[in-house]
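Chemist: everything below, folded, please.
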Amino acid sequence: MRNLILAAGLALAASGAWAQDTVRLATEGAYPPYNFINDQGELDGFEIELGNALCEHAGLTCTWVQNDWDSIIPNLLAGNYDAIMAGMNITDERDKVIDFTQNYTPPATSAYVGTSPDADTMGTVAAQVSTIHSSYIADSGATLVEFPTADEAVAAARNGEADVAFADYDYLTPIVAASGGELTFIGDPIPIGRGVGVGLRESDAELRGKLDDAIGAMKADGSLNELITKWFPENPPTF
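Modeler: Residues are numbered from 1 along each chain as shown. Got it, this is the predicted structure:
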């Protein structure tokens, strides 16, 4: 989260107005099922399909840009793309730096994983840097260890570098299932955040309005819920 506040200074470098014919959408490409690189080497996932649908609803021509998580907000503010769709939860701290559309996922749950059901969730906890998960752990009294990606945070719990890892339950579920019993959930899922939304520069009210309207239309006609249940099959919260 500290990086998010520091990123505010980059806002002065942004052009301040959205005037491109093509809207550039940024994602991380490393957080399935929200966004990832598929076997064909292409960006894929819930947010890729949703972003394309939103652009169609809004009559926009859109392209995708892959960007590392820890610089995704600074590069938005610097004008290197126009919007972020990267599993980014809407938080008060982020809202001080950038703007958001309405949420396109309901508030979800997060969870701890480790190699033992008795692992200490108040010990050393691994989380991805500058996420609601790292912020939650920092406030919990546990010892936070941050990593550039969620995969690296989970790996830290696997190899003993951390007692547990903390991330979105939806992200962790297939990892635990594929671990052959090496990883297990610890405790009950924890609801945090206000849902995931599209992040934009504060100055781009016109683009925010177009995307907001498109999200609202997809909520109203049920097509957003269809995408949520397609990509998050285990009884996900819907609208």
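
Chemist: and the helices in this protein?
Modeler: Secondary structure of the chain (DSSP state H): helices located at 2-7, 46-58, 72-77, 92-95, 132-140, 150-159, 169-177, 205-221, 223-231.

Chemist: buried set for the shortest one?
Modeler: Of the residues in helix 92-95, those buried under the neighbour-count criterion (16 or more other Cβ atoms under 10 Å) are R94. Any C-beta I mention is one placed from the backbone N, CA and C, and that applies to glycine too.

Chemist: care to break this structure down by domain?
Modeler: Listed domain ranges for the chain are 2-107+194-231, 109-191 (source: automatic domain parsing).

Chemist: how about the helices of the chain, which one is nearest A26?
Modeler: Smallest distance to A26 across these (Cβ to Cβ): 6.0 Å, for helix 72-77.

Chemist: chain center to that closest one, what's the gap?
Modeler: The chain centroid and the centroid of helix 72-77 are separated by 14 Å under Cα atoms, centre = their mean, to the nearest Å.

Chemist: cool, stretch 178-189 as well?
Modeler: Chain-centre distance of stretch 178-189: 21 Å, with Cα atoms, centre = their mean.

Chemist: stretch 146-163 now?
Modeler: On Cα atoms, centre = their mean, the centre of stretch 146-163 falls 18 Å from that of its chain.

Chemist: now do the same end-to-end measure for that stretch.
Modeler: End-to-end span of stretch 146-163 (Cα to Cα, to the nearest Å): 13 Å.

Chemist: now do stretch 117-131
Modeler: Stretch 117-131: ends 24 Å apart by Cα to Cα.
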